[in-house]
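Visitor: can't give you the sequence, but here's the structure:
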């Protein structure tokens with residue numbers, strides 16, 4: 001299907017404005033989809049609604065998307081399990097006994113280290129680091145927005161700088177499709193030039209160590225410090241209070257093993273499934289299937305452990321399983337809409353229109369900086385870094401060859417811009433999952449993260465501009 005020119009920019013702009021203005025993310029995403037298909041239907045709102053529903057059903061039915069929705073729901077069940085069994089409380093007690101986390105700084109640093117250690121899959125790292133660290137943040141009276149920022153700002157950057165994962169496999173596949181002779185070598189050559197990813201990680205480290213608060217983040221920290229309110233006025237956690245607020249069953253001991261055991265099981269199963277599905281190649285494995293089976297294995301182990309200890313009955317386990325899925329229903333709806341937006345954006349031709357509109361008038365020396373800015377814009381508008389890569393790489397590589405530019409530099413600019421837009425867009429799936437994992441208000445997370453992302457992006461833009469002029 002052909003694009004519709006400048007009109008293709010209206011749905012993402014309207015959705016982003018509405019999401020920030022009203023905080024109604026689900027409604028905003030729904031309007032994005034309906035408006036997009038209405039425009040593609042020649043302005044017929046009824047046909048647009050029919051096409052929207054058909055696209056939604058098709059997107060949800062895609063195997064990888066369906067796996068993602070299932071494991072996202074089951075993550076809610078795992079969180080309920082670990083809280084109801086006393087595992088979460090036992091973990092906090094274990095940390096206290098060993099004085100492992102004695103200050104707000106140590107809580108932040110521990111979270112950053114946990115997030116950095118899990119680089120096999122982006123959403124998996126968000127879910128584990130967020131669910132483990134959230135009770136520590138609440139107890140230390142550190143804003144949940146800061147938790148969401150730390151895990152989100154380390155998520156995509158670490159995955160793209162340590163590409164032994166689905167990210168690496170995906171990018172190598174895109175490069176191979178462009179007839180690149182040595183795609184792996186080209187991808188590796190971008191690592192030291194991906195200035196945004198490097199600066200984003202560095203800034204997250206600075207915030208974790210020195211508690212540097214900018215703008216809205218400072219207000220969030222003051223709110224928690226003064227009143228103990230973990231959420232802003234009028235805000236709501238993306239994960240239901242039914243899940244995040246589950247208490248330990250009365251009369252049972254608090255054992256850290258009841259949380260650590262299932263999570264370690266999940267961490268071990270994920271790379272094993274990646275290895276199996278990739279036929280010996282971790283980078284070629286099925287990331288969605290790996291997380292799904294990892295969560296299932298963790299739930300099965302947890303159920304066995306709790307029954308052996310006599311903590312939870314079979315009926316209680318089933319009730320908590322359903323409760324966890326029910327509590328994650330808002331994020332499941334948002335993720336399903338985000339998948340539908342990906343198809344809608346492709347049909348609209350938004351990214352291609354923006355790229356072609358700007359490339360025609362920019363001097364060669366400024367091209368690396370322009371590519372970075374353009375990728376930022378495309379990713380922010382579409383809410384997907386992977387979609388941005390798919391749009392930008394077929395444009396950037398042939399252009400680099402034609403203009404005599406260093407492909408490592410231009411590719412790094414495209415990749416970095418995609419990550420920045422993904423960080424800042426309220427319709428980004430990774431931003432949504434970060435809000436869910438931290439149990440914070442989604443728009444509040446976006447607002448508090450944007451200043452840091454803009455700071456890292458400004459530094460990256462300067463470096464791409466400098467490299468374009470010098471090299």
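Guide: Sure, I can see it. In this text the structure is predicted, and so the values were computed from the model without any measurement. Numbers count the residues shown, from 1 in each chain.

Visitor: Low-confidence ranges, the stretch 151-300 of the chain, go.
Guide: 164-166, 169-170, 173, 177, 238-245, 282-284, 287 (pLDDT under 70).

Visitor: What segments of it are helices?
Guide: 166-177, 183-189, 195-210, 216-227, 241-244, 257-277, 287-308 (DSSP state H, counting those that start in this stretch).

Visitor: Make CSV out of those and add distance to residue 455 and mean neighbour count.
Guide: In short, each C-beta sits where N, CA and C put it, glycine included. What follows is the helices of the stretch 151-300 of the chain, written out as CSV (distance: least, Cβ to Cβ, whole Å; neighbours: other Cβ atoms under 10 Å):
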stretch, distance to residue 455, mean neighbour count
helix 166-177, 24, 19
helix 183-189, 26, 16
helix 195-210, 7, 20
helix 216-227, 12, 17
helix 241-244, 30, 19
helix 257-277, 32, 20
helix 287-308, 30, 21
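
Visitor: Those into a markdown table, with extra columns for distance to residue 149?
Guide: Listed next are the helices of the stretch 151-300 of the chain as a markdown table, based on distance: least, Cβ to Cβ, whole Å:
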| stretch | distance to residue 149 |
| --- | --- |
| helix 166-177 | 21 |
| helix 183-189 | 27 |
| helix 195-210 | 7 |
| helix 216-227 | 7 |
| helix 241-244 | 18 |
| helix 257-277 | 22 |
| helix 287-308 | 23 |
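
Visitor: Looking at those helices, spot the one closest to residue 132.
Guide: With Cβ to Cβ as the measure, helix 257-277 is the member of the helices of the stretch 151-300 of the chain nearest residue 132 (6.9 Å).

Visitor: The helices of the stretch 151-300 of the chain: which one's closest to residue 379?
Guide: For residue 379, the closest of the helices of the stretch 151-300 of the chain is helix 195-210, at 10.9 Å, according to Cβ to Cβ.

Visitor: any idea how far the residue in the chain sticking out farthest from the centre is from residue 310?
Guide: Residue farthest from the centre of the chain, counting by Cα atoms, centre = their mean, is residue 251 at 37.6 Å. Counting by Cβ to Cβ, to the nearest Å, the gap from residue 251 to residue 310 is 11 Å.

Visitor: nearest to residue 47, of the helices of the stretch 151-300 of the chain?
Guide: Closest of the helices of the stretch 151-300 of the chain to residue 47 is helix 287-308, at 32.1 Å (criterion: Cβ to Cβ).

Visitor: could you check the angle helix 257-277 makes with that closest one?
Guide: 150 degrees (axes from the mean of the first three to the mean of the last three Cα atoms, to 10 degrees).

Visitor: Distance from helix 287-308 to the middle of the chain?
Guide: 22 Å (Cα atoms, centre = their mean, to the nearest Å).

Visitor: Against which helices or strands is the longest helix belonging to the chain packed?
Guide: Ordering each helix of the chain by length in residues (DSSP state H) puts helix 442-470 first. Packing partners of helix 442-470 (3 or more Cβ pairs under 8 Å, 6 or more residues apart in numbering; DSSP states H and E): helix 10-22, helix 144-161, helix 195-210, helix 216-227, helix 367-382, helix 407-424, helix 429-438.

Visitor: who wins for proximity to residue 131 among the ones you listed?
Guide: Closest to residue 131 of the helices and strands packed on helix 442-470, according to Cβ to Cβ: helix 429-438, at 6.1 Å.

Visitor: thinking again about what came up before, can you say which of the helices of the stretch 151-300 of the chain is nearest to residue 422?
Guide: Checking the helices of the stretch 151-300 of the chain against residue 422 by Cβ to Cβ gives helix 195-210 as the closest, at 10.7 Å.

Visitor: now for that closest one, which elements pack on it?
Guide: Counting contacts by 3+ Cβ pairs under 8 Å, 6+ apart, helix 195-210 packs against helix 104-117, helix 144-161, helix 407-424, helix 442-470.

Visitor: Show me what the second one is packed against.
Guide: When contacts are defined as 3+ Cβ pairs under 8 Å, 6+ apart, helix 144-161 packs onto helix 104-117, helix 122-140, helix 166-177, helix 195-210, helix 216-227, helix 407-424, helix 429-438, helix 442-470.

Visitor: now that helix, how far from the centre of its chain.
Guide: Worked out by Cα atoms, centre = their mean, helix 144-161 lies 8 Å from the chain centre.

Visitor: for the longest one, same thing?
Guide: On the basis of Cα atoms, centre = their mean, the separation between the geometric centre of helix 442-470 and that of its chain is 17 Å.

Visitor: Likewise for the shortest one?
Guide: What separates the centre of helix 104-117 from the centre of its chain is 18 Å, taken as Cα atoms, centre = their mean.

Visitor: try the third one
Guide: For helix 407-424, the distance between its averaged C-alpha position and the chain's averaged C-alpha position is 15 Å (Cα atoms, centre = their mean).

Visitor: ok and it relative to helix 144-161, angle-wise?
Guide: Relative orientation of helix 407-424 versus helix 144-161 (the same axes, to 10 degrees): 160 degrees.

Visitor: now the angle between helix 429-438 and helix 407-424, please.
Guide: Going by the same axes, to 10 degrees, helix 407-424 makes 50 degrees with helix 429-438.

Visitor: Run a quick neighbour tally on residue 445.
Guide: Using other Cβ atoms under 10 Å, residue 445 has 28 other residues around it.

Visitor: Any figure for the gap between residue 81 and residue 291?
Guide: As judged by Cβ to Cβ, residue 81 and residue 291 stand 17 Å apart.

Visitor: related to what we said a few turns ago, now that we have the helices and strands packed on helix 442-470, can you turn them into TSV and tack on distance to residue 331?
Guide: Below are those laid out as TSV (distance: least, Cβ to Cβ, whole Å):
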stretch	distance to residue 331
helix 10-22	15
helix 144-161	13
helix 195-210	23
helix 216-227	21
helix 367-382	19
helix 407-424	17
helix 429-438	5
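
Visitor: now for these, which one comes closest to residue 64?
Guide: Of these, nearest to residue 64 by Cβ to Cβ is helix 429-438, at 12.1 Å.

Visitor: what residues does stretch 156-175 touch?
Guide: By Cβ atoms under 8 Å, 6 or more residues apart in numbering, the residues outside stretch 156-175 that reach it are 115-116, 119-122, 125, 183-184, 186-188, 191, 194, 196-198, 200-201, 274, 278, 281-287, 385-386, 389-390, 393-394, 397, 415, 419, 422-423, 430.
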